[in-house]
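A.B. asks: Can you look at this prediction? I've put the sequence above it.
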Amino acid sequence: MNRENKRRQFEKGYYKTHPSDEVFTCKVCGRTVTPDGAGSGHRNHCPNCLSSLHVDEEPGDRASDCGGVMEPIAVWVRNNGEWAIIHRCKRCGKLSSNRVLADDNPMKLMSIALKPLANPPFPIERIRELTALMGGEDPFPKDPPAEE
């Protein structure tokens, strides 16, 4: 069933109020994705590679004609402590946020979360120098402070 037929079959906003029970094949890693195990009725990304497709303008509206691959680029923590994935469309650049689901790949989530630490925007060898320039204390003192 193509996307045009889905638009005719369901009224606008259908997926905002109804769970998605569709099985799909991930366009990035090729895995078959089922809604089982997600812990939510709104499965919208692959639990293996965390990629999605750009099908919505607003969550659940299926109004986007882009159809590009939404790559997971970051994670963030909501006020209630729940993690969410930031996706960026590889075709048009749109950003969106999707909650992490129960069966999402924990290693992929952690690798995305740690990416800024693994690739800092400055040479790690210069951390002492950069900290001193900002008026901070040496984060790695050569000698530990004497105990009193």
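C.D. replies: Arrived safely. Source: prediction; values computed, not measured.
A.B. asks: Which elements pack onto the longest strand seen in the chain?
C.D. replies: Determined from DSSP state E, the single longest strand within the chain is strand 69-77. On a contact count with 3 or more Cβ pairs under 8 Å, 6 or more residues apart in numbering; DSSP states H and E, strand 69-77 meets strand 52-53, strand 83-89, helix 106-118. (Each C-beta comes from the backbone N, C-alpha and C, glycine too.)
A.B. asks: Ok, which of the ones you listed comes nearest C29?
C.D. replies: Of all the helices and strands packed on strand 69-77, helix 106-118 sits nearest to C29, with 10.3 Å by Cβ to Cβ.
A.B. asks: Would you enumerate the residues in contact with E22?
C.D. replies: By Cβ atoms under 8 Å, 6 or more residues apart in numbering, E22 lies in contact with P35, R43.
A.B. asks: Same check on the one 4 residues further on?
C.D. replies: For C26, the set of contacting residues under the criterion of Cβ under 8 Å, 6+ apart consists of T32, V33, C46, N48, C49, S51.
A.B. asks: what are the bridge partners for the residue nearest the centre of the chain, then?
C.D. replies: Among the residues of the chain, I85 comes closest to the average C-alpha position under Cα atoms, centre = their mean, at 2.4 Å. Residues in a beta bridge with I85, per DSSP bridges, are V75, N98.
A.B. asks: Report the contact partners of it.
C.D. replies: Contacts of I85 (Cβ under 8 Å, 6+ apart): H45, L50, P72, A74, V75, S97, N98, R99, V100, D104, L109, I112.
A.B. asks: Centre of the chain to stretch 55-68, how far?
C.D. replies: 17 Å (Cα atoms, centre = their mean, to the nearest Å).
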